[in-house]
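Q: Structure for this input, please:
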Amino acid sequence: MIQVEHITKIYDSQRVLNDVSFSVKEGEVVGLLGPNGAGKSTLMKILTCYIPPTEGEATICGHSIYDDPLAVRRAIGYLSEHNPLYLDMYVREFLRFAAGIHGMDNVDDRVEAMIARVGLTPESNKRIGQLSKGYRQRVGLAQALIHDPQVLILDEPTTGLDPNQLEEIRDVIRQAGKSKVVLLSTHIMQEVEAMCSRAIIINHGTLVSDDLIANTTSQQLTEKFHKVTE
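A: Below you'll find the model as predicted:
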């Protein structure tokens with residue numbers, strides 16, 4: 001469902017991504033790990049057609065990021081690192097707007113389902129600007145899921161959540177991963193242990209590890225991370 005082949009990205013003389021290749025299949029939740037500046041967000045922006053690669057190719061659900069970027073965007077639900085939202089809009093208003101962009105039917109039913117699914121019900125009558133950072137993350141996740149995409153790309157999806165919210169959102173992501181492709185970036189090894197079946201580690205733009213992590217603890221993941229990113 002996600003196929004990345006020899007992706008390279010160069011800004012001026014800086015090689016941000018260097019010949020990165022991997023694939024992710026339906027039913028996988030894959031953690032994308034790496035130190036700050038490793039190239040994780042750049043890779044996600046390439047996969048969502050926000051920026052082009054310098055070299056290489058990627059396909060999402062069989063659609064090329066070069067040849068059919070609109071089909072790629074339709075197939076993806078994306079929560080970016082900084083979660084841009086219209087702060088003056090109410091929660092339901094924003095989610096109706098997001099659903100309308102995707103040309104959905106039964107918009108009101110879908111909005112209510114998403115509000116319940118990500119735990120927004122207590123704050124659903126407020127403007128987004130009145131929400132805490134954690135609840136804003138929930139709004140961002142709801143808009144990523146609103147059109148029932150085949151692929152979820154989530155950049156630091158649990159930023160700002162308290163421990164109770166963390167477990168609720170982890171469960172949403174785990175459930176989504178049963179029928180979708182999920183690629184998420186995080187710095188928190190406990191999240192990878194809790195949600196992911198596989199971990200990809202990037203360091204200085206190069207893929208340095210790609211392993212299944214069944215029965216792997218967060219401590220073991222941390223040790224592996226230190227080893228391959230020294």
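
Q: how far out from the middle of the chain is the lowest-mean-pLDDT helix or strand in the chain?
A: The helix or strand of the chain with the poorest confidence is helix 163-176; it has a mean of 87 (mean pLDDT, DSSP states H and E). Centroid separation for helix 163-176 versus its chain: 14 Å, with CA atoms, centre = their mean, to the nearest Å.

Q: Contacts for it next, please.
A: For helix 163-176, the external contacting residues (CB atoms under 8 Å, 6 or more residues apart in numbering) are 29, 117-119, 134, 137-138, 141, 145, 152, 154, 157-158, 161, 182, 184, 191, 194-195. Using the backbone N, CA and C atoms, a C-beta is placed for each residue, glycine as well.

Q: export that helix as PDB, just CAs?
A: Presented in PDB, the C-alpha positions along helix 163-176 are these (Å, rounded to 0.1, in the frame of the first residue of the first chain):
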ATOM      1  CA  PRO A 163      -1.700   9.700  30.100                       C
ATOM      2  CA  ASN A 164      -5.400   8.900  29.900                       C
ATOM      3  CA  GLN A 165      -5.700  10.600  26.500                       C
ATOM      4  CA  LEU A 166      -2.600   8.700  25.300                       C
ATOM      5  CA  GLU A 167      -4.200   5.300  25.900                       C
ATOM      6  CA  GLU A 168      -7.500   6.400  24.200                       C
ATOM      7  CA  ILE A 169      -5.700   7.700  21.100                       C
ATOM      8  CA  ARG A 170      -3.300   4.700  21.000                       C
ATOM      9  CA  ASP A 171      -6.400   2.500  20.900                       C
ATOM     10  CA  VAL A 172      -7.900   4.500  18.000                       C
ATOM     11  CA  ILE A 173      -4.700   4.100  16.000                       C
ATOM     12  CA  ARG A 174      -4.400   0.400  16.800                       C
ATOM     13  CA  GLN A 175      -8.000  -0.200  15.700                       C
ATOM     14  CA  ALA A 176      -7.400   1.800  12.500                       C
END
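
Q: residue ranges for the strands of the chain, please.
A: Counting by DSSP state E, the chain has strands at residues 2-11, 14-24, 29-33, 55-60, 63-64, 76-79, 151-155, 181-185, 198-203, 206-212.

Q: thinking again about what came up before, buried residues in the least confident helix or strand of the chain?
A: 165, 166, 169, 170, 172, 173, 176 (16 or more other CB atoms under 10 Å).
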